[in-house]
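# Would you be able to build a 3D model of this:
(one chain, ligands or ions: 1)
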Amino acid sequence: MTGACFAEFGVFVTCVDKDEKKVKALKKGNVPFYEPGLDELVRKNVRNGRLNFSTKIKDAVESSLVIFIAVGTPPRGDGTADMRYVEEVASEIAREIRGYKVIVTKSTVPVGTGSRLREIVSRKLTERVDFDIVSNPEFLREGSAIEDFMRPNRVVVGTSSQQAVAILKDLYRPLYLIETPFVITNIETAELIKYASNSFLAVKISFINELSKLCENVGADVQTVAKAMGLDHRIGPKFLHAGPGYGGSCFPKDTRALLTIAGKHNTGLGIVQSAVDANEHQKKHMVEKIKKGMGSVKGKTLAMLGLSFKPNTNDMREAPSIFIIEQLLKEKASVRAFDPVAMDDAKKIFKDKIKYSDGVYECVKGADAVVVVTEWNEFRNLDLARIKKILRAPNFFDLRNIYAPEKMAALGFKYHSVGRS
Ligand code: UGA
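Residues are numbered from 1 along each chain as shown. Presented below is the predicted three-dimensional model:
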């Protein structure tokens with residue numbers, strides 16, 4: 001993603017991965033995950049010769065001034081980020097360095113990784129050459145990653161080297177034209193900015209999710225509360241949508257990692273801890289909502305619309321759909337599911353425990369309830385009269401608040417949403 005976007009900026013980029021199959025596919029412009037617009041961007045830049053893929057670190061290091069480390073930092077059981085891949089790659093890069101290089105971490109890494117990488121690279125160098133380490137965290141959202149790269153709210157560059165700052169600024173030069181703010185700071189601060197940003201957004205979501213339960217209990221409407229709150233510029237309207245809880249590869253992992261980092265430094269981050277707890281609770285609350293709304297789900301068929309953790313991605317990592325479906329199965333419900341792009345990924349998780357449908361109406365036909373878990377655009381304009389007709393019972397659980405309660409009631413649905421009575 002970052003490679004394709006830099007190539008689009010006019011930079012010559014080589015992306016390296018150990019997986020030969022992946023590299024072969026990428027050379028043909030086939031991206032192994034779903035991200036709107038990325039296939040086209042890759043193909044275009046491969047064609048014009050600015051984007052290249054390889055399995056050899058050596059070639060890429062030799063021909064580049066700046067090397068980005070963008071490998072995964074998956075969570076370990078204890079909540080810390082697994083730094084194995086980052087450290088392995090840093091060692092491999094070090095062995096190939098023959099002249100001055102800027103080594104940049106794009107992966108989300110714990111505070112202190114920059115200095116650790118400096119040690120590793122220094123130790124593994126085979127020649128006495130100069131290098132700089134930079135932290136340049138990523139703020140892209142899945143599903144709108146290209147737009148986020150091309151029009152970021154800010155670019156953060158953490159390093160102690162003026163030379164590296166100048167090189168990074170040059171790399172991001174097209175963003176100067178659109179007056180993107182640059183935050184230049186030390187490595188530790190840059191590393192922390194990433195965790196702080198994701199954790200704060202998670203706090204915002206958990207806040208509105210907790211408030212949605214109060215709205216349900218007092219007869220208030222959480223969407224109007226959020227809208228009015230968001231009109232206050234100090235609060236802002238974004239990330240105040242109540243739903244089934246946040247998922248994905250970032251918020252769950254980064255909040256836990258930040259708590260671990262804070263714990264190691266004897267610093268309590270009670271607000272982040274509460275956000276994590278509230279998120280777990282929100283997923284359970286969704287299951288309770290469904291159970292309560294239907295009396296019991298035992299022996300009933302539920303049609304789940306949307307499985308990915310958010311729309312416009314096939315990513316199932318920590319998707320709320322996983323917890324919700326597993327709990328419903330425990331309660332002896334039958335589950336049928338449809339997602340516009342995440343079906344193959346979902347099959348790897350649920351295997352033959354649920355049934356898979358090719359479309360919305362096939363999924364809904366004869367079911368005892370519809371549950372909208374992910375707000376894909378195509379679910380926003382369903383033929384509701386048809387849905388009502390083909391359902392066995394008119395239960396509709398809208399976990400993303402995409403429909404209006406009055407309209408749904410008028411159509412004869414037993415409609416349940418989040419934080420709206
Ligand atoms: C998030 C951040 O938004 C990016 O800035 C960051 O770069 C990225 O993590 C990362 O660390 O790589 P992402 O996980 O792709 O991006 O998706 P978001 O749009 O942030 O959504 C995360 C979760 O929060 C989703 O499950 C979404 O449904 C949920 N959400 C989001 C809500 O429940 N309510 C909201 O108002 C917004």
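# Quick one: name the residues of this structure near the ligand.
Proximity of the chain to the ligand (C-beta under 6 Å from any ligand atom) is limited to residues 108, 138-142, 198, 201, 205, 239-241, 243, 246-248, 250-251, 309-310. C-beta: built from backbone N, CA, C; applies to glycine.
# Tell me the buried residues within these.
Buried members of these, scored by 16 or more other C-beta atoms under 10 Å, are 108, 138-140, 142, 198, 201, 205, 239-241, 243, 246-248, 250-251, 309-310.
# now the closest residue to residue 275 other than its chain neighbours: how far from residue 273?
Nearest residue to residue 275 in three dimensions, chain neighbours excluded: residue 206, at 3.9 Å (C-beta to C-beta, 6 or more residues apart in numbering). With distances taken as C-beta to C-beta, to the nearest Å, residue 206 is found 10 Å from residue 273.
# Please say which of the two ends up with more neighbours.
Using other C-beta atoms under 10 Å as the criterion, residue 206 and residue 273 rank with residue 206 on top: 25 against 16.
# So the more buried one is in contact with residue 278, correct?
Yes - using C-beta atoms under 8 Å, residue 206 is in contact with residue 278, at 3.9 Å.
# contacting residues around the closest residue to residue 10 other than its chain neighbours?
Distance criterion C-beta to C-beta, 6+ apart; nearest residue to residue 10, sequence neighbours excluded, is residue 50 at 7.1 Å. Residues near residue 50 by C-beta atoms under 8 Å, 6 or more residues apart in numbering: 7, 10, 11, 12, 13.
# which stretches of the stretch 101-250 of the chain form strands?
With DSSP state E, counting those that start in this stretch as the criterion, the stretch 101-250 of the chain has strands at 101-105, 131-135, 155-158, 182-185.
# Now tell me what touches the last one from outside.
Spelled out, it's strand 182-185. By C-beta under 8 Å, 6+ apart, the surrounding residues in contact with strand 182-185 are 154, 155, 156, 157, 158, 165, 169, 172, 190, 193.
# Emit the PyMOL select command for whichever of those are buried.
Restricted to buried positions by 16+ other C-beta under 10 Å, the PyMOL selection for the contacts of strand 182-185 reads:
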select buried, resi 155+156+157+158+165+172+190+193
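# what's the neighbour count on residue 315?
Using other C-beta under 10 Å, residue 315 has 22 neighbouring residues.
# distance of it from residue 375?
Distance of residue 315 to residue 375, computed by C-beta to C-beta: 15 Å.
# Give me the pLDDT for the nearest residue to residue 248 once chain neighbours are set aside.
Nearest residue to residue 248, sequence neighbours excluded (C-beta to C-beta, 6+ apart): residue 309, at 4.4 Å. With respect to pLDDT, residue 309 has a value of 98.
# which residues does residue 309 contact?
Under the criterion of C-beta under 8 Å, 6+ apart, the neighbours of residue 309 are 246, 247, 248, 315, 316, 317, 318, 319, 320, 321, 374.
# The fifth one is in contact with residue 346, isn't it?
Yes - in this structure, residue 316 sits in contact with residue 346. The criterion is C-beta under 8 Å, and the distance is 6.0 Å.
# okay, and the common contacts of the two?
In contact with both residue 316 and residue 346: residue 307, using C-beta under 8 Å, 6+ apart.
# which pair in the contacts of strand 182-185 spans the largest distance?
The span of the contacts of strand 182-185, defined through C-beta to C-beta, is set by 169 and 193 at 17.4 Å.
# correct me, but residue 318 touches residue 250?
No - at 9.1 Å, residue 318 does not count as touching residue 250 under the criterion of C-beta under 8 Å.
# Sticking with the residue nearest to residue 248, tell me its helix or strand.
Secondary structure assignment for residue 309, by DSSP states H and E: no helix or strand.
# Next: residue 24.
Assigned by DSSP H and E, residue 24 falls within helix 20-27.
# Could you check the pLDDT of the closest residue to residue 92 other than its chain neighbours?
Excluding the flanking residues, the one nearest residue 92 by C-beta to C-beta, 6+ apart is residue 57, at 5.0 Å. Note on residue 57: pLDDT of 95.
# ditto for the one 3 residues further on
Among the per-residue scores, residue 60 holds a pLDDT of 95.
# residues in contact with the closest residue in space to it that isn't next to it in sequence?
Leaving out its chain neighbours, the residue that sits closest to residue 60 by C-beta to C-beta, 6+ apart is residue 14, at 4.1 Å. Residue 14 sits next to 3, 52, 53, 54, 59, 60, 63, 64 when contact means C-beta under 8 Å, 6+ apart.
# does the fifth one sit in a helix, a strand or a coil?
For residue 59, the assignment made with DSSP: H, G, I helix; E, B strand; the rest coil gives helix.
# Check the first one too.
Using three-state DSSP, the secondary structure recorded for residue 3 is helix.
# Can you give me the distance of it to residue 52?
Distance from residue 3 to residue 52, by C-beta to C-beta: 9 Å.
# Which residues are in contact with each of the two?
In contact with both residue 3 and residue 52: 13, 14, 15, using C-beta under 8 Å, 6+ apart.
# The first one and residue 52 touch, don't they?
Yes - Residue 13 is within contact range of residue 52, at 7.0 Å (criterion: C-beta under 8 Å).
# Give me the below-cutoff pLDDT ranges for this structure.
Scanning the chain for pLDDT under 70 picks out no residues.
# need the contact list for residue 245.
By C-beta under 8 Å, 6+ apart, the residues touching residue 245 are 205, 209, 279, 280, 282, 283, 286, 320.
# before we move on, what SS does the closest residue to it other than its chain neighbours have?
Spatial nearest neighbour of residue 245, excluding adjacent residues (C-beta to C-beta, 6+ apart): residue 282 at 3.9 Å. Per three-state DSSP, the local secondary structure of residue 282 is helix.
# and residue 282, what does it touch?
Contacts were defined as C-beta under 8 Å, 6+ apart; by that measure residue 282 touches 206, 209, 210, 243, 244, 245, 320.
# Run a quick check on residue 362 versus residue 356, I expect a contact.
No - the criterion here is C-beta under 8 Å, and residue 362 misses it with residue 356 at 9.8 Å.
# So if I had to pick from those two, which one is more boxed in?
residue 356 (18 against 15).
# Tell me if I'm right that that one and residue 342 touch.
No - Residue 356 is not in contact with residue 342 according to C-beta under 8 Å; the separation is 10.7 Å.
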